[in-house]
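# Compute the structure for the input listed below.
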Amino acid sequence: MSGDSTAFLVPAGEDRLGERHGLGVSTIDFKVIAPGGGLLALENTFHAKGGPSRHLHLEQDEWFYVLESEFIIEVGDDRHALRPGIQCWGRAACRTCGRTSATGAGVS
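Below is the predicted model:
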(Lines give C-alpha, C1' and ligand atoms only; values in the text may rest on other atoms or scores of the structure.)
Protein backbone atom coordinates (compact mmCIF):
# COMPACT_ATOMS: atom_id res chain seq x y z
CA MET A 1 0.00 0.00 0.00
CA SER A 2 1.33 3.37 -0.95
CA GLY A 3 1.46 6.20 1.58
CA ASP A 4 0.74 8.73 -1.19
CA SER A 5 -2.95 7.93 -1.61
CA THR A 6 -5.69 9.84 0.19
CA ALA A 7 -7.40 6.52 0.98
CA PHE A 8 -6.29 3.00 1.75
CA LEU A 9 -8.00 -0.28 2.50
CA VAL A 10 -7.03 -2.82 5.13
CA PRO A 11 -8.96 -6.06 4.59
CA ALA A 12 -10.47 -8.01 7.48
CA GLY A 13 -7.89 -10.19 9.18
CA GLU A 14 -4.97 -8.17 7.82
CA ASP A 15 -2.54 -5.66 9.29
CA ARG A 16 -1.78 -2.25 7.70
CA LEU A 17 1.94 -3.10 7.77
CA GLY A 18 1.50 -6.75 6.76
CA GLU A 19 2.88 -7.85 10.15
CA ARG A 20 1.52 -9.96 13.02
CA HIS A 21 1.43 -8.61 16.55
CA GLY A 22 0.09 -10.12 19.76
CA LEU A 23 -0.23 -10.11 23.52
CA GLY A 24 -0.07 -13.87 24.04
CA VAL A 25 -3.86 -14.17 24.48
CA SER A 26 -4.67 -12.17 21.35
CA THR A 27 -3.70 -11.23 17.84
CA ILE A 28 -3.41 -7.52 17.06
CA ASP A 29 -3.86 -6.02 13.58
CA PHE A 30 -2.89 -2.35 13.16
CA LYS A 31 -5.58 -0.79 10.97
CA VAL A 32 -4.72 2.93 10.97
CA ILE A 33 -1.36 4.51 11.79
CA ALA A 34 -1.40 8.30 11.38
CA PRO A 35 1.84 10.23 10.85
CA GLY A 36 3.14 11.89 14.01
CA GLY A 37 1.18 9.58 16.30
CA GLY A 38 -2.11 11.41 15.77
CA LEU A 39 -4.13 8.19 15.62
CA LEU A 40 -3.57 4.46 16.00
CA ALA A 41 -6.51 2.12 15.46
CA LEU A 42 -6.06 -1.58 15.98
CA GLU A 43 -8.17 -4.72 16.05
CA ASN A 44 -7.44 -7.00 18.98
CA THR A 45 -8.83 -10.54 18.53
CA PHE A 46 -8.68 -12.74 21.61
CA HIS A 47 -8.12 -16.49 21.24
CA ALA A 48 -7.95 -17.10 25.00
CA LYS A 49 -9.38 -15.56 28.15
CA GLY A 50 -7.50 -12.59 29.57
CA GLY A 51 -6.25 -9.21 28.42
CA PRO A 52 -3.60 -6.56 28.97
CA SER A 53 -2.60 -5.64 32.50
CA ARG A 54 -3.35 -2.18 33.89
CA HIS A 55 -1.23 0.31 31.98
CA LEU A 56 -0.88 4.01 31.24
CA HIS A 57 -0.58 6.00 28.00
CA LEU A 58 0.72 9.43 28.95
CA GLU A 59 -0.21 11.22 25.72
CA GLN A 60 -2.84 9.08 24.01
CA ASP A 61 -6.55 8.79 24.68
CA GLU A 62 -7.93 5.25 24.32
CA TRP A 63 -11.17 4.28 22.61
CA PHE A 64 -12.61 0.78 22.96
CA TYR A 65 -15.32 -0.65 20.70
CA VAL A 66 -16.47 -4.26 20.98
CA LEU A 67 -17.26 -6.18 17.79
CA GLU A 68 -18.15 -9.50 19.43
CA SER A 69 -18.09 -11.23 22.83
CA GLU A 70 -17.98 -9.25 26.10
CA PHE A 71 -15.09 -7.30 27.63
CA ILE A 72 -14.60 -5.78 31.04
CA ILE A 73 -12.79 -2.44 30.64
CA GLU A 74 -11.35 -0.52 33.56
CA VAL A 75 -10.68 3.18 33.04
CA GLY A 76 -9.32 4.88 36.14
CA ASP A 77 -11.46 3.63 39.03
CA ASP A 78 -14.47 2.83 36.82
CA ARG A 79 -15.32 -0.63 35.49
CA HIS A 80 -17.55 -1.14 32.44
CA ALA A 81 -18.97 -4.29 30.84
CA LEU A 82 -18.86 -3.81 27.07
CA ARG A 83 -20.88 -5.93 24.65
CA PRO A 84 -21.02 -5.70 20.85
CA GLY A 85 -21.73 -2.17 19.67
CA ILE A 86 -20.84 -0.52 22.98
CA GLN A 87 -17.87 1.83 23.13
CA CYS A 88 -15.81 3.36 25.92
CA TRP A 89 -13.33 6.25 25.85
CA GLY A 90 -10.48 6.84 28.29
CA ARG A 91 -8.60 10.12 28.66
CA ALA A 92 -4.81 10.24 28.25
CA ALA A 93 -2.81 9.60 31.42
CA CYS A 94 -5.67 7.51 32.85
CA ARG A 95 -4.79 3.91 33.75
CA THR A 96 -6.70 1.31 31.74
CA CYS A 97 -6.95 -2.44 31.42
CA GLY A 98 -9.32 -4.88 29.83
CA ARG A 99 -10.09 -8.55 29.87
CA THR A 100 -12.48 -11.01 28.39
CA SER A 101 -13.87 -14.29 29.64
CA ALA A 102 -14.49 -15.48 26.07
CA THR A 103 -12.92 -15.13 22.65
CA GLY A 104 -13.83 -12.42 20.18
CA ALA A 105 -12.82 -9.23 18.43
CA GLY A 106 -12.63 -5.67 19.61
CA VAL A 107 -11.19 -2.46 18.28
CA SER A 108 -8.93 -0.34 20.42
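# what's the spacing between the helix or strand that A41 is a member of and its chain's center?
Assigned by DSSP states H and E, A41 belongs to strand 40-46. Its chain's average C-alpha position is 4 Å from that of strand 40-46, according to C-alpha atoms, centre = their mean, to the nearest Å.
# Direction included, what does the helix or strand following it pair against?
Proceeding N to C from strand 40-46, the next assigned helix or strand is strand 62-66, under DSSP H and E. Sheet pairing here is set by DSSP bridges, and for strand 62-66 it gives strand 87-90 (antiparallel), strand 104-107 (antiparallel).
# about what we covered before: quick one: average confidence on the strand holding A41?
Mean pLDDT, computed over strand 40-46, is 87.
# And the strands paired with strand 62-66, which one averages the lowest pLDDT?
The bottom spot among the strands paired with strand 62-66, by mean pLDDT, belongs to strand 104-107, with a mean of 60.
# quick one: L23 and P52 touch, right?
Yes - taking C-beta atoms under 8 Å as the definition, L23 is a contact partner of P52 at 6.0 Å. From N, CA and C alone the C-beta is placed, and that goes for glycine too.
# Tell me who's in contact with G37.
Listed by C-beta atoms under 8 Å, 6 or more residues apart in numbering, the contact set of G37 reads 59-60.
# Then I86?
65-66.
# Please report how far it lies from A34.
Per C-beta to C-beta, to the nearest Å, I86 is found 25 Å from A34.
# now swap in Q87 and tell me
19 Å.
# Among those two, which residue is more densely surrounded?
Neighbours per residue (other C-beta atoms under 10 Å) separate Q87 from A34, with Q87 holding more: 13 against 9.
# Looks like that one contacts F71 (just checking).
No - the criterion here is C-beta under 8 Å, and Q87 misses it with F71 at 11.0 Å.
# Could you pull out the residues contacting both of these two?
Contacts common to Q87 and F71, judged by C-beta under 8 Å, 6+ apart, are F64.
# Just give the closest residue to L39, not the sequence neighbours.
Distance criterion C-beta to C-beta, 6 or more residues apart in numbering; nearest residue to L39, sequence neighbours excluded, is V32 at 5.8 Å.
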